[in-house]
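S.K.: Starting from these lines, generate the structure:
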Amino acid sequence: MRPLLKYGIPAAAGLATGGYALAQGEDPGSATLAALAGGAGAAGGLLASRQLAGKYAPVITAAMQESVVPVGQKVSAAMQQAEPGSFKRKVLEKTRGALAGGYKALDDGKADRYLGQALAAGLAPAAAGVAGLGGIALGAIPSSMGIPGFTDQRIDPESYGSSNSPGARYKQTTGTAGISNYQ
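M.R.: Here you go, the predicted structure:
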């Protein structure tokens, strides 16, 4: 496997899962664990997709070859009935050529590589997402212990007592607020 794919896809998946965790309001420590777990999950997804492609490619190739032949025969029959030079005939000729090219690619034994790419396109992001959730769950343990970096200690600027709200500048007691001196 190319190094750009081997290391780039897990790195991108790790950054994406960590960034998504931060965007959802997770603390920095849990987001870091989500990023690390997401990258490891994507790497595992790539390995699994290669193994699955090697295992199931012959079966899928045979099934696809069996389905391409009848479709090609029907396209050829429809092409014989179409008027020469018509739009319908041109479309059917291109379709027959595409089917023949696809059958040739299946016959050349390239299905393993294409199936591996298709599986990796779906399996690596899914594994990264699930592993990222595991990283967030793992971050709950140090968060429950109050370890710095795993707790969310931001100050709400609109909460009572913050320096941004009028209540912080003009503190009124709750018992005499609004009571007048008239008897």
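S.K.: Walking through this structure, point out its helices one by one.
M.R.: Taking DSSP state H as the criterion, the chain carries its helices at 3-23, 28-81, 87-107, 111-145, 166-169.
S.K.: got CSV for those, with distance to T151, mean pLDDT and mean neighbour count too?
M.R.: Quick note: C-beta positions are derived from backbone N, CA and C, even for glycine. Shown next, in CSV, are those (distance: least, C-beta to C-beta, whole Å; pLDDT from 0 to 100; neighbours: other C-beta atoms under 10 Å):
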stretch, distance to T151, mean pLDDT, mean neighbour count
helix 3-23, 15, 91, 17
helix 28-81, 8, 86, 17
helix 87-107, 55, 83, 14
helix 111-145, 6, 85, 18
helix 166-169, 23, 54, 10
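S.K.: For the ones you listed, give me a markdown table that also has distance to D152.
M.R.: Listed next are those as a markdown table, based on distance: least, C-beta to C-beta, whole Å:
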| stretch | distance to D152 |
| --- | --- |
| helix 3-23 | 11 |
| helix 28-81 | 9 |
| helix 87-107 | 53 |
| helix 111-145 | 8 |
| helix 166-169 | 21 |
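S.K.: which one is the residue nearest in space to the middle of the chain nearest to, not counting chain neighbours?
M.R.: Nearest residue to the geometric centre of the chain (C-alpha atoms, centre = their mean): P125, 3.9 Å. Leaving aside its chain neighbours, P125 sits nearest to A13 (6.4 Å; criterion: C-beta to C-beta, 6 or more residues apart in numbering).
S.K.: Quick one: end-to-end length of stretch 102-117, please.
M.R.: End-to-end span of stretch 102-117 (C-alpha to C-alpha, to the nearest Å): 16 Å.
S.K.: Centre of the chain to that stretch, how far?
M.R.: In terms of C-alpha atoms, centre = their mean, to the nearest Å, the centre of stretch 102-117 is found 25 Å from the chain centre.
S.K.: what's the answer for stretch 75-84, then?
M.R.: 43 Å.
S.K.: And for it, what's in contact with it?
M.R.: K88, R89, L92, E93, T95, R96, L99 (C-beta atoms under 8 Å, 6 or more residues apart in numbering).
S.K.: Let me know whether the last one touches K74 as I believe.
M.R.: No - look at L99 against K74 with C-beta atoms under 8 Å: they stay out of range, at 10.1 Å.
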